[in-house]
Each structure stands twice: as structure tokens, then as C-alpha cells.
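Enquirer: Here is the input, now give the coordinates:
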Amino acid sequence: MFYQKDWIMRQIENIIQLIARFFFKKYTVHYEIIDETNHTQTDLLYKELLELLNSLEINEAENLLYERIKANDRNYLMVAVDFYKRLNELSDEQLESADFSREEIRSGLEEISRMFGLIL
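Expert: Numbers count the residues shown, from 1 in each chain. Below is the predicted model of the structure:
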């Protein structure tokens, strides 16, 4: 069981690294709000996602992400990848209490990748 969980977590990390290198020429993705006085649409989405994530309302957060994402704007990709990276950092207990799985994290990352033209 532990081996399988570790394997899935590494798969997710590898997908994140692939997206980071392909789209952003970085080794990882971390969304950052640059101007706290003038929020962009992606900043607002990011803040909402974090609030839902902190409340472990993961399904609601993922639904919100898919409702608002714009596949022609890489800032949304960065928000999405940061979101899934944060999900992968949650404990198994936290994911289970939110009725979410690591498989869903991997699946979400794969779907986001396809939306932006990267086929995994």
C-alpha cells in the first residue's frame, strides 16, 4: 500500500515537473500574486482555490478551477498546476476526509495538460 501511494505521488510530481519545464522553463511551478492592490482574474481564482483547499473543499475547488480556466492563458495553467501540487502535498487522511484521491490529482493534471496542448 505504501509503495503504491509513493509511486502515485512520484508520478504526480513528474507530471508537474514536465509541465513546469515544457511551459515555464522551470523545475517547479509556484503561482505568486505580484500586486496585492490590483488582483488579476487568475489572482482571484487562486485565492478562492486556496480558501476552498484550506477548508478541504477539494471537489468544489476543482469544479471552480474547471469553470474558470482559460486554456489560452498560461497564468491559468500555473494556477492549476500549483493547485494540484498543493493537493499532492496533503496527507492521505486529509484527501480521504475530502473524498478525493491521488488518482484524481493525477487525472486532473493530465486533463489540464491536454487542455493546454500537452499530451501525456
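Enquirer: hmm, which helix or strand of this protein has the shakiest average pLDDT?
Expert: In the chain, the helix or strand scored least confidently by mean pLDDT, DSSP states H and E is helix 2-19, which has a mean of 84.
Enquirer: and that one, which residues are buried?
Expert: 8-9, 11-12, 15-16, 19 (16 or more other Cβ atoms under 10 Å). Placement of C-beta: from N, CA and C, glycine included.
Enquirer: Stretch 83-98 now?
Expert: 83-88, 90, 95, 98.
Enquirer: Which members of those residues occur in strands, if any?
Expert: Per DSSP state E, strands hold no members of these.
Enquirer: With pLDDT and distance to residue 38 added, can I get those residues in JSON lines?
Expert: Shown next, in JSON lines, are those (pLDDT from 0 to 100; distance: Cβ to Cβ, whole Å):
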{"residue": "83", "pLDDT": "98", "distance to residue 38": "22"}
{"residue": "84", "pLDDT": "98", "distance to residue 38": "27"}
{"residue": "85", "pLDDT": "97", "distance to residue 38": "25"}
{"residue": "86", "pLDDT": "97", "distance to residue 38": "24"}
{"residue": "87", "pLDDT": "97", "distance to residue 38": "28"}
{"residue": "88", "pLDDT": "96", "distance to residue 38": "30"}
{"residue": "90", "pLDDT": "95", "distance to residue 38": "31"}
{"residue": "95", "pLDDT": "96", "distance to residue 38": "34"}
{"residue": "98", "pLDDT": "96", "distance to residue 38": "32"}
